[in-house]
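Enquirer: pasting a predicted model and its sequence here:
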Amino acid sequence: MPIYEYGCRKCGHEFEELVFSDAAPNCPECGSNDVEKRMSCCCHARGGGAGYGGGYEAAPSGGGGCSGCSGGHCASCGH
């Protein structure tokens, strides 16, 4: 099941949600169900991992978005 990023149209809160169905989640901040799915930025690990000369970097733009990312860490890269 994919993790999607959402933005609340009522309060502006941005959040991630593990999606089990097609129904949009409620905003965890205000409870509104008026949310929109956002485009996520994928990232990939560079060799060595964090602390060993590696880390995470954003994937080149023009890609398929998070649904095509197999890393599962798209929102944790901060991009």
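Expert: Received, thanks.
Enquirer: residue 13 reaches residue 31, doesn't it?
Expert: No. Under the criterion of CB atoms under 8 Å, residue 13 makes no contact with residue 31, lying 10.5 Å away. Just so you know, the C-beta spots here come from the backbone N, C-alpha and C atoms, and that holds for glycine as well.
Enquirer: quick one: which of these two has more around it?
Expert: Neighbours per residue, other CB atoms under 10 Å: of residue 13 and residue 31, the larger number sits with residue 13, 14 against 10.
Enquirer: just the pLDDT at the closest residue to residue 8 other than its chain neighbours, thanks.
Expert: Nearest residue to residue 8, sequence neighbours excluded (CB to CB, 6 or more residues apart in numbering): residue 27, at 3.9 Å. In the predicted model, residue 27 carries a pLDDT score of 96.
Enquirer: what's the answer for the one 4 residues further on, then?
Expert: Reading off the confidence values, residue 31 has pLDDT 96.
Enquirer: neighbours of residue 12, how many?
Expert: The number of residues packed near residue 12 is 10, by other CB under 10 Å.
Enquirer: ah, wrong one, I meant residue 16
Expert: 17.
Enquirer: tell me the buried residues in the host helix or strand of it?
Expert: Using DSSP states H and E, residue 16 sits within strand 14-18. Neighbour counts over strand 14-18 (16 or more other CB atoms under 10 Å) mark 15-17 as buried.
Enquirer: what's the mean pLDDT across whichever helix or strand comes after it?
Expert: Sequence-wise, the next helix or strand downstream of strand 14-18 (DSSP H and E) is strand 35-38. What strand 35-38 shows for mean pLDDT is 92.
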